[in-house]
Every structure is written in C-alpha cells, then in structure tokens.
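Undergrad: Generate a structure from the sequence data that follows.
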Amino acid sequence: MKPTFKDYLNIVLALIAIFLCGYGIGFLLGERKGQGNQPPPPAPSSQPAPIVDWESWERSTFQTIEGAIGELTPEQRQSIRREVSETAKRIRTARQSGRREFQALHQRLKQHLTPEQQTKLPGSSPN
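TA: You can find the predicted model right below:
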C-alpha cells in the first residue's frame, strides 16, 4: 500500500505537535528553574545611600553633552559648564531639603507610636 499525501500530512502535523509540546514543557520548566536561581532581592539597608561624587557627575554630564553635540566654542563650553554646575547645586539643595522633610516626618510619626513600636519604625533618612 502506497502512502498518500494525507498520510504525510498527518506525520508532519504529529511531528509539529510533538515539537510544540516539548517546547512548551521546556519553557515552563526553564521558567521555574530560572526563578529558583535568582538571588533574593536585597534587604533594605539602614545605612545611608552612598554619597554622590558631584564633581564626577558634573564632569561626566558635560562630557556626555559635548560628545553628543560635537565641537563647542569656548563661550559655549563655559556656559554649559556653568549650567551643569548650577543644576548640581540645585539638586544637592533639593536632596538636603528632602532629607529634612523625611526626618521631620519620622519625628511626627513617633508621636503616634508606643516606645516599642518606635523601635520598629524604619530609619529617619530613606535612601
């Protein structure tokens, strides 16, 4: 008996179904395995965030701008450096103001808590 086109089509469809099942099972097992190998998220630290090196930030920001634009005249360089420097100062001021606000919030929250609850209250300076 000679195989017909329908027989070949059934074989091809069966192979595709087997392939897709294997792919699906591999995907599901790989997802579970991948999730198990991930390190746990870092625990919140009570230590303050690292201090920003503002001089380095200003230098790298200027270099990024200069690299994107290309050649700048000396006047443009001076103006851009001044703008970046002033922006860094404003950011530092805003961060310090934000820290003061968080510290004030911490003190206000303590008024509503028992001494035992106050010991569990997270630090006064979030990162």
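
Undergrad: make it CA atoms for all contacts and neighbour counts henceforth
TA: Fine.

Undergrad: Can you list the low-confidence ranges for the protein?
TA: 31-50, 124-127 (pLDDT under 70).

Undergrad: Grab the longest helix from this structure for me.
TA: Ranked by number of residues, the top helix in the chain under DSSP state H is helix 74-110.

Undergrad: tell me what that one is packed against?
TA: helix 54-69 (3 or more CA pairs under 8 Å, 6 or more residues apart in numbering; DSSP states H and E).

Undergrad: Now do the helix it packs on against helix 74-110: the angle between them, please.
TA: Here helix 54-69 runs at an angle of 130 degrees relative to helix 74-110 (axes from the mean of the first three to the mean of the last three CA atoms, to 10 degrees).

Undergrad: In terms of secondary structure, what does helix 54-69 contact?
TA: The contact analysis (3+ CA pairs under 8 Å, 6+ apart) places helix 54-69 against helix 74-110.

Undergrad: which is the next helix or strand following the helix it packs on?
TA: Going down the chain from helix 74-110, the next helix or strand is helix 115-120, by DSSP states H and E.

Undergrad: Figure out how far that following helix is from the centre of its chain.
TA: In terms of CA atoms, centre = their mean, to the nearest Å, the centre of helix 115-120 is set 31 Å apart from its chain centre.
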